[in-house]
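# no sequence on hand, only this structure:
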């Protein structure tokens, strides 16, 4: 059990680091999310106007704020889990499931709502979606590994 808790703690620390970085970038980017400037998107032509309208929509602004709040909340739960793991007790898996679900919901909303960009007939949005999906899946790996090790620790504890 101790081996699995130690591995879970290591991957939980990675989630803490990712959460801190995400919170910092979220706080720094919040003013631009809440008040995008049309001049930043003018050079993109019609797509720039569509992107500005998307970024300036109330839904996008609310989603940015809610995302930041969820990230901070998850960070608090990761720190609590870290303390439990240090005390060699098994924390709840709920924050890790919430992280996975929230990330997938955010990815889905982003892909459905973001305007499509065409450059010389090629769908750039599709390429961006694939790259975003790959990175998102990579960032989900630590949460999945923590969940796996928590399940393994529970199995050892019961046996």
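On my side now, so go ahead. Source: prediction; values computed, not measured.

# ok, now which ones touch the spatially most central residue of the chain?
If you average the C-alpha coordinates of the chain and look for the closest C-alpha using C-alpha atoms, centre = their mean, you land on residue 103, 4.6 Å from that point. The contact partners of residue 103, by C-beta atoms under 8 Å, 6 or more residues apart in numbering, come to 136, 139, 140. For the C-beta atoms, the positions are set from N, CA and C on the backbone; glycine is no exception.

# tell me the helices in this protein, going along the chain?
With DSSP state H applied, the chain shows helices at 2-34, 46-55, 58-86, 94-113, 124-158, listed in chain order.

# need phi/psi at the residue lying closest to residue 52 once chain neighbours are set aside.
For residue 52, ignoring the flanking residues on the chain, the nearest one in space by C-beta to C-beta, 6 or more residues apart in numbering is residue 41 at 4.4 Å. The phi/psi pair for residue 41 (degrees, to the nearest 10) reads phi -110, psi -10.

# do I have it right that residue 41 meets residue 53?
No: distance between residue 41 and residue 53: 9.3 Å, which falls outside the contact criterion (C-beta atoms under 8 Å).

# higher neighbour count, those two?
Taking other C-beta atoms under 10 Å, residue 41 and residue 53 do not tie; residue 41 has more neighbours (19 against 14).

# pLDDT score for that one?
For residue 41, the pLDDT comes out at 85.

# and for residue 121?
At residue 121, the predicted lDDT confidence score is 67.

# ok, now residue 20?
In this prediction, residue 20 has a pLDDT value of 97.

# how far away is it from residue 79?
When C-beta to C-beta, to the nearest Å is applied, the distance between residue 20 and residue 79 equals 10 Å.

# quick one on the thing from earlier: least confident of the helices of the chain, on average?
helix 46-55 (a mean of 87).
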